[in-house]
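**Student:** Below are the sequence and a predicted model; questions follow.
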Amino acid sequence: MSTSLLIITGPTACGKTARAVECARAFNGEIISADSRQIYRGMDLGTGKDLHEYGEVPFHLIDIADAGYKYNLYEYLRDARAAIDLVRSRGRLPILCGGTGLYVEAILNGLELPEVPANPDLRARLEGLSLAQLTDMLAQMKTLHNTTDVDSTKRAIRAIEIETFYQQHPDAANLATPHPIADAVTICLDIPRDLRRQRISDRLRRRLDDGMVDEVRRLIASGINPDDLIYYGLEYKYLTEYVIGRYSFDEMFRQLEIAIHQFAKRQMTWFRGMERRGHTLHHIPFNLPHSDFIAQVAQIANL
């Protein structure tokens with residue numbers, strides 16, 4: 001039986017979009033983003049949307065929310081399932097593409113989440129705590145596979161808010177029981193560490209040359225609070241702090257480059273964790289020739 005869902009994932013700067021587009025053309029597919037920041041309109045260079053790569057290939061879950069909004073996992077699962085169903089209804093193959101391991105694994109697990117409302121009283125009590133204190137508190141409530149989603153106090157508070165809701169509503173927590181998708185196939189693009197680091201650094205310089213700082217200035221000028229951009233992390237955190245005067249350009253570049261390398265390392269840790277948790281990831285070299293890549297995917301996914 002051929003797969004009903006193909007997933008293309010891997011660390012940042014390994015060329016996931018281009019490979020997903022190749023698969024969409026070869027297997028009559030449409031692409032559904034699994035990137036937690038490409039959701040936002042106006043955040044283009046910093047999230048690496050590379051929309052020109054799609055050509056005629058339809059794509060979903062890109063540019064669906066305004067910058068400044070805090071899109072969450074519940075919304076992603078809702079919207080991704082709707083997109084997957086839409087693509088299948090057209091008789092085409094849904095291809096999930098992105099490096100947000102939380103999104104990829106949640107889809108693979110068939111996870112369903114209740115909508116968790118804001119808890120103003122809890123937020124007020126937590127507001128003065130440090131990120132380290134909040135992370136410790138969250139670690140006492142759940143197992144932290146990594147700290148990707150608690151790299152700011154706002155994210156940590158939201159995570160605690162969600163866990164508190166589950167503790168207070170055990171019936172809702174039961175909805176989060178996984179129902180894994182049996183016929184999904186996950187392709188993970190492998191890239192040597194040194195080459196990955198070089199591609200990250202080269203891409204960062206290129207995006208800065210292409211106007212990534214101006215993109216952040218435009219977002220702030222449009223009325224978005226700088227703290228809301230900082231919330232998104234990585235490029236938007238460090239570029240915003242540069243724009244508002246907290247960093248010099250050289251300090252910003254150095255800190256951002258380190259942060260992206262660390263992010264890629266965390267992505268690889270997440271993927272290895274997925275394998276330990278029972279998921280099969282089929283590793284294919286990121287730079288395999290096109291025909292060989294498509295042939296391998298076709299064989300693995302029975303397409």
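**Tutor:** Thanks, I have the structure now. Residues are numbered from 1 along each chain as shown.
**Student:** buried stuff in the longest helix along the chain?
**Tutor:** Criterion DSSP state H: the longest helix present in the chain is helix 249-276. For helix 249-276, burial by neighbour count (16 or more other CB atoms under 10 Å) applies to 252-253, 256-257, 259-261, 263-264, 266-268, 270-271, 274. Placement of C-beta: from N, CA and C, glycine included.
**Student:** Repeat that for stretch 41-59.
**Tutor:** So for stretch 41-59, counting by 16+ other CB under 10 Å, buried means Gly42, Met43, Asp44, Leu45, Gly46, Thr47, Gly48, Lys49, Tyr54, Val57, Phe59.
**Student:** Can you tell me which of the residues you listed end up in strands?
**Tutor:** If you go by DSSP state E, the buried residues of stretch 41-59 have Phe59 in strands.
**Student:** ok, residues contacting the helix or strand encompassing Arg78?
**Tutor:** Arg78 belongs to helix 73-89 when elements are defined using DSSP states H and E. Helix 73-89 is contacted by residues 4-5, 29-30, 32, 34, 36, 39, 60-61, 64, 93-94, 96, 102-103, 106-107, 111-116 when judged by CB atoms under 8 Å, 6 or more residues apart in numbering.
**Student:** from the buried residues of stretch 41-59, which single one is nearest Ala13?
**Tutor:** Gly48 (8.2 Å; CB to CB).
**Student:** wait, doesn't the closest one sit right on Arg206?
**Tutor:** No: using CB atoms under 8 Å as the test, Gly48 is too far from Arg206 to be in contact (10.4 Å).
**Student:** Return the distance of Ser2 relative to Arg25.
**Tutor:** The gap separating Ser2 from Arg25 is 17 Å, by CB to CB, to the nearest Å.
**Student:** wait, Glu161
**Tutor:** 42 Å.
**Student:** Neighbour count: these two, which is higher?
**Tutor:** Glu161 (17 against 13; other CB atoms under 10 Å).
**Student:** Can you tell me how far Leu131 is from Met252?
**Tutor:** The value you get for Leu131 to Met252, if CB to CB is used, is 20 Å.
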